[in-house]
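Enquirer: Quick one, structure for this:
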Amino acid sequence: MDTINTSGRRKASVARIYMSAGKGKVIVNKKTMEDYFPREMDRIKIGVPFAIVEETGNFDLKVNVAGGGLTGQSEAIRLAVSKALVLHNEEYRGALKAEGLLRRDDRVVERKKPGQKKARKKFQFSKR
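Expert: Numbering: from 1, shown residues only. Modelled structure (predicted):
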């Protein structure tokens, strides 16, 4: 199997992954996954697509991710992994699509408007 190259995005995060056959080793920005993602939930998110198609531990991942926070980055990696698994085997599309893992979550932070404290919060108003 050759290396499969895909990308995923979430909020301000962009993840580029290189997936190849291996023993389940994940390198994120030249660090191990455990060092890069201290929260267990972020590490679990990355493994969800593998668990759904029962391919846990069969692929090595080399990940370059930038932008946003750790949660957005882990969700961007999850989308890229899902896309790579579909490229590896088209039969996985149905199971991953049913879980909503092939759709990009396009929600981003609403911009701050002029004359307001935040996006929707206004400055305090005083009649007197």
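Enquirer: Could you count how many residues lie near R103?
Expert: 11 (other C-beta atoms under 10 Å). Any C-beta I mention is one placed from the backbone N, CA and C, and that applies to glycine too.
Enquirer: same check, this time on the one 3 residues further on
Expert: For D106, the number of neighbouring residues by other C-beta under 10 Å comes to 8.
Enquirer: as a whole number, average confidence for stretch 88-100?
Expert: Taken as a whole, stretch 88-100 has a mean pLDDT of 93.
Enquirer: typo on my end, stretch 62-73
Expert: 95.
Enquirer: which parts of that stretch are buried?
Expert: 62-63, 65, 68, 71-73 (16 or more other C-beta atoms under 10 Å).
Enquirer: go on, stretch 77-95?
Expert: 77-86, 88, 92, 95.
Enquirer: Among those, which ones are in helices?
Expert: 77-86, 88, 95 (DSSP state H).
Enquirer: All the helices of the protein, in order from the start?
Expert: Counting by DSSP H, the helices of the chain are 33-36, 40-52, 70-88, 93-98.
Enquirer: count of residues packed around E75?
Expert: 23.
Enquirer: Number of residues surrounding the spatially closest residue to it that is not a sequence neighbour?
Expert: The spatially closest residue to E75, leaving aside those adjacent along the chain, is R10, at 4.2 Å (C-beta to C-beta, 6 or more residues apart in numbering). Neighbours of R10 under the rule other C-beta under 10 Å: 26.
Enquirer: again with the one 5 residues further on
Expert: Using other C-beta under 10 Å, A15 has 27 other residues around it.
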